[in-house]
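A.B. asks: here are the coordinates; sequence isn't available:
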Ligand SMILES: C[S@@+](CC[C@H](N)C(=O)[O-])C[C@H]1O[C@@H](n2cnc3c(N)ncnc32)[C@H](O)[C@@H]1O
């Protein structure tokens, strides 16, 4: 097929599937549900051609794009079985008109909600509701596409599709998975350690669903390294029974990629009575967005030359680099500002216009206007533009974007924090020091890997809802022992010995307190290392 202009290609999500994957899905599908095959977004017709070669009785294709349908017709010209091709928005095609079919195979278009709109989306969401999924307006097109498609199947029919990992990682994805489990007797997801799909920025799974008309409680995961391994899998994909994805509970897909010994230790620790999720211990909130960092931040030593009254300056943690140790205090502000990075937010009060500092505030506003700050997006949408909103005082500062060493710190100087970090206000009776120390242990580090999401570049991102699910076992023991361990971990972190601080937390909490054996701790560490390595590997192969 001739290359299409990139924007049109993106608009239609016209990225075609690797032929080895096409062949695998069609072979598996015709094995369990031989007969009529439909691809609802058939592109150049590669799934249908494979189906024709592998003995389908009839093939049906649909695509919204006229040129694409022509190409599919050429691809299938030599096939000697009945063929129908529909040039249409698939959501306009009704199951009663075309179905029933035995097998749906293909790769649905991945169009994000911002571009997926109008009548097509209204039809799509209504169709999803017919099979029990109430999808939100944030749903990308692939989700209702799968749910509309399954309505074309005869009882007992099957579905073999490429699906994005969002199926297990987003609210609307989980709702889709739930509906799939509610409509098929068995659902399997083949996952890959190495990303193989050029058009997808994220991980991709293969969905194998069979027995339309029955239901199952969970999906089974089949973890593979690379697509080359599909060849050996045609007959019956092996399923490890501990790898079930229960859509009604937290989906920890990452567990599929660590070895069974680490998984066993993980499951045992999640049941430990001293364990919590962060949401049991306090409230987690995002930090502020200034809208113009250079303008709204100031070093204490520069206040006079900028004409800023000292009482306007509030200490802040800017990002994870601000957090050198396990506590964030006045000395950290001094060190960071000596190194050149302002760690104070400028926060005039509206009453300053009338009382204490009217001249200073007028000058500050005039300087902002000279620099065009009020026109910046975040400033434009707030009143007054020079007052940064969303300020929270937190007991504990927590990570948002994670490389390999997630930083948390007790906020001893009551600093505000930007949206590069999260903050937690802990419930009465819980000590922030205990949480900070607990989060250093391998158990919590693995929990962050399992709850977070990673995009391009291999960075792990934890939104507040994901961070709230992170697990921690709090250190117990006397106050003096806790302070001693805390101080030692703080010193190690400041000396850039992150691994040492984690070993200390493991020794005190996992070995000393929980009684984890050395070999179990080693298994857990390998599990965490494998998760980090997998994320970084995918980051590299996505570039
Ligand atoms: C990811 S490609 C898959 C093509 C083919 N099944 C494959 O895997 O090689 C998605 C296809 O969906 C088509 N498409 C996008 N929106 C559609 C819609 N609403 N109805 C039918 N087809 C659509 C695009 O034209 C594109 O050919």
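C.D. replies: Sure, I can see it. Since the model is a prediction, treat every value here as computed from it, not as a measurement.

A.B. asks: All the helices of the stretch 351-500 of the chain, residue numbers only.
C.D. replies: 358-370, 377-380, 432-438, 442-451, 464-468, 479-494, 498-505 (DSSP state H, counting those that start in this stretch).

A.B. asks: ok, residues contacting the longest one?
C.D. replies: For helix 479-494, contacts defined as CB atoms under 8 Å, 6 or more residues apart in numbering pick out 324-327, 431, 433-434, 436-437, 440, 475, 498, 500-501, 504-505, 508. C-beta here means a position set from N, CA and C on the backbone, and glycine is covered the same way.

A.B. asks: What's the ChimeraX line that selects buried ones from those residues?
C.D. replies: The buried residues among these can be selected in ChimeraX (16 or more other CB atoms under 10 Å) with this line:
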select :324,325,326,327,431,433,434,436,437,440,475,498,501,504,505,508
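
A.B. asks: can you put the helices of the stretch 351-500 of the chain in a markdown table and add distance to the ligand?
C.D. replies: Output for those, formatted as a markdown table (distance: least, CB to the nearest ligand atom, whole Å):
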| stretch | distance to the ligand |
| --- | --- |
| helix 358-370 | 45 |
| helix 377-380 | 31 |
| helix 432-438 | 44 |
| helix 442-451 | 29 |
| helix 464-468 | 28 |
| helix 479-494 | 46 |
| helix 498-505 | 41 |
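
A.B. asks: host element of residue 59?
C.D. replies: Per DSSP states H and E: residue 59 is located in strand 58-63.

A.B. asks: ok, and the closest non-adjacent residue to residue 144?
C.D. replies: Spatial nearest neighbour of residue 144, chain neighbours left out: residue 124 (3.6 Å); criterion: CB to CB, 6 or more residues apart in numbering.

A.B. asks: can you confirm the one you found is in a helix?
C.D. replies: Yes - membership of residue 124 in a helix is supported by DSSP: H, G, I helix; E, B strand; the rest coil.

A.B. asks: Check what pLDDT it gets.
C.D. replies: In this model, residue 124 is scored at 92, pLDDT.

A.B. asks: what number of residues lie near it?
C.D. replies: By the measure other CB atoms under 10 Å, the count of residues near residue 124 is 22.

A.B. asks: returning to what we had before: contacts for the strand holding residue 59?
C.D. replies: Against strand 58-63 from outside (CB under 8 Å, 6+ apart): 35-43, 45, 48, 51-52, 69, 72, 76, 79, 81-88, 90, 93, 98, 101.

A.B. asks: I'd like the next helix or strand past that strand.
C.D. replies: helix 66-75.

A.B. asks: Pick out the residue of the stretch 1-150 of the chain closest to the ligand.
C.D. replies: residue 43 (2.6 Å; CB to the nearest ligand atom).

A.B. asks: mind listing what that residue touches?
C.D. replies: Applying CB under 8 Å, 6+ apart to residue 43 gives the contacts 14, 16, 63, 68, 71, 72, 107.

A.B. asks: cool, residue 283 as well?
C.D. replies: By CB under 8 Å, 6+ apart, residue 283 lies in contact with 424, 425.

A.B. asks: at 6 Å what do you get?
C.D. replies: By CB atoms under 6 Å, 6 or more residues apart in numbering, residue 283 lies in contact with residue 425.

A.B. asks: check which helix or strand covers it.
C.D. replies: Counting by DSSP H and E, residue 283 is part of strand 282-286.

A.B. asks: What mean pLDDT does that strand get?
C.D. replies: 95.

A.B. asks: Over to stretch 18-36?
C.D. replies: Stretch 18-36 comes out at a mean pLDDT of 96.

A.B. asks: Report the buried residues of it.
C.D. replies: 18, 21-33, 36.

A.B. asks: what about the longest strand in this protein?
C.D. replies: Ranked by residue count, the top strand of the chain under DSSP state E comes out as strand 153-164.

A.B. asks: can you pull the contacts of residue 307?
C.D. replies: So residue 307 contacts 360, 363 (CB under 6 Å, 6+ apart).

A.B. asks: What pLDDT does the model give it?
C.D. replies: 90.

A.B. asks: Same check on the one 4 residues further on?
C.D. replies: At residue 311, the pLDDT value in this model is 90.

A.B. asks: Count the neighbours of it for me.
C.D. replies: Close neighbours of residue 311, defined as other CB under 10 Å, add up to 13.

A.B. asks: Need the single longest helix in the protein, by residues.
C.D. replies: Longest helix in the chain, counting residues (DSSP state H): helix 518-541.

A.B. asks: just how off-centre is that helix within its chain?
C.D. replies: 18 Å (CA atoms, centre = their mean, to the nearest Å).

A.B. asks: so what secondary structure elements neighbour that helix?
C.D. replies: Here helix 518-541 touches helix 260-270, helix 442-451, going by 3 or more CB pairs under 6 Å, 6 or more residues apart in numbering; DSSP states H and E.

A.B. asks: quick check: mean pLDDT across that helix?
C.D. replies: Per-residue pLDDT values over helix 518-541 give a mean of 85.

A.B. asks: hang on, the earlier thing: A strand includes the residue of the stretch 1-150 of the chain closest to the ligand, no?
C.D. replies: No - going by three-state DSSP, the assignment for residue 43 is coil, not a strand.

A.B. asks: Among the contacts of strand 58-63, which are located in helices?
C.D. replies: Going by DSSP H, the helices hold 48, 51, 52, 69, 72, 98 from these.

A.B. asks: and those residues, which two are the farthest apart?
C.D. replies: Using CB to CB, these span at most 17.7 Å, a distance reached by 52 and 98.

A.B. asks: Rebuild the helices of the stretch 351-500 of the chain as TSV, extending it with mean pLDDT.
C.D. replies: Formatted as TSV, these follow (pLDDT from 0 to 100):
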stretch	mean pLDDT
helix 358-370	91
helix 377-380	92
helix 432-438	97
helix 442-451	95
helix 464-468	92
helix 479-494	96
helix 498-505	98
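
A.B. asks: Quick check: which of those helices is nearest to residue 205?
C.D. replies: The closest of the helices of the stretch 351-500 of the chain to residue 205 is helix 442-451. By CB to CB, the value is 16.9 Å.

A.B. asks: Quick one: classify residue 308 as helix, strand or coil.
C.D. replies: In three-state terms, and counting by three-state DSSP, residue 308 is coil.

A.B. asks: Provide the backbone phi and psi angles at it.
C.D. replies: Dihedral angles of residue 308 (phi, psi; degrees, to the nearest 10) stand at phi -100, psi 120.

A.B. asks: what's near enough to touch it?
C.D. replies: Residues counted as contacts of residue 308 (CB under 6 Å, 6+ apart) are 298, 346.

A.B. asks: one step back: wait, the residue nearest to residue 144 sits on residue 91?
C.D. replies: Yes - using CB atoms under 6 Å, residue 124 is in contact with residue 91, at 4.8 Å.

A.B. asks: same for the longest strand of the chain, what does it pack against?
C.D. replies: Other elements packing on strand 153-164 under the criterion 3+ CB pairs under 6 Å, 6+ apart are helix 19-32, strand 101-106, strand 204-212.
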